[in-house]
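Asker: I would like the atomic coordinates for the input below:
(one chain, ligands or ions: 1)
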Amino acid sequence: MGDPRPREVQDRAVDALTRLVRDIPDFPEPGIVFKDITPLLADPAGFGAVVAAMAEAGRDERGAVVVDKVVGMEARGFIFAAPVALALGVGFAPVRKAGKLPHHTHRVDYALEYGEAVLELHRDAVAPGERVLLVDDVLATGGTAAATCELVRRCGARPVGFAVLLELGFLDGHSALGEVPVSSLLTV
Ligand code: AMP
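Answerer: Below you'll find the model as predicted:
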């Protein structure tokens with residue numbers, strides 16, 4: 001028996017995503033198709049399958065863990081990043097919206113489709129030289145992920161990968177990530 005092979009882990013995750021993530025048209029505003037992950041979270045087998053598959057982004061081809069920390073972005077990123085960190089046996093650090101973190105932070109302002117947003121990370125959340133895996137639910141324009149990479153770099157650490165459930169292919173979020181490899185379970 002033993003552990004399932006990486007291919008099998010990915011197949012189970014893609015099956016869960018296909019069955020358990022639903023499209024909500026025109027939410028939160030007209031023209032946006034919102035990817036609702038709540039049915040996936042309610043299904044422990046499906047939830048476990050996607051966490052196992054996302055954690056593969058923090059291992060090499062022999063299964064060895066190659067990251068020192070997992071960073072998740074508020075709010076849905078937290079749901080996946082924390083169990084991915086535990087699966088890899090490394091620490092978790094939250095990236096939060098402005099004014100939520102209590103200690104000294106780095107902050108990055110970035111452009112949204114309409115307007116601006118601010119993300120923050122505690123200065124001591126990742127150590128200089130650490131290899132950091134980013135985790136979120138959806139990659140859209142890539143603005144959130146690019147700002148998170150910048151926060152990690154300000155700490156002197158290195159973003160080495162971005163694991164995401166779903167990538168909206170038509171928005172080309174990949175290019176905002178530059179050299180940082182993106183592992184998406186499904187591109188829609
Ligand atoms: P972006 O910065 O444009 O890549 O947007 C990514 C962030 O917005 C992620 O944290 C997602 O949770 C959220 N997001 C963007 N588009 C969608 C969508 N269509 N459905 C669900 N969440 C989305």
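
Asker: and this protein, which residues reach the ligand?
Answerer: Within the chain, the positions adjacent to the ligand are 32-35, 73, 76-77, 136-145, 173 by C-beta under 6 Å from any ligand atom. (Glycine included, C-beta is placed from N, CA and C.)

Asker: Narrow those to those that are buried.
Answerer: 35, 73, 76-77, 136-145, 173 (16 or more other C-beta atoms under 10 Å).

Asker: Among the residues of the chain next to the ligand, name the ones in helices.
Answerer: Assignment to helices by DSSP state H places the following of these there: 76-77, 143-145.

Asker: Report the two of these separated the most.
Answerer: R76 and G143 (15.3 Å; C-beta to C-beta).

Asker: Which strands and helices lie in contact with the biggest helix by length in the chain?
Answerer: Using DSSP H to define each element, the chain has its longest helix at helix 6-20. Packed against helix 6-20, as judged by 3 or more C-beta pairs under 8 Å, 6 or more residues apart in numbering; DSSP states H and E, are the following elements: helix 38-41, helix 44-55, strand 182-187.

Asker: Give the rounded mean pLDDT of the first one.
Answerer: Per-region confidence: helix 38-41 scores 98 on mean pLDDT.

Asker: Much appreciated, bye for now.
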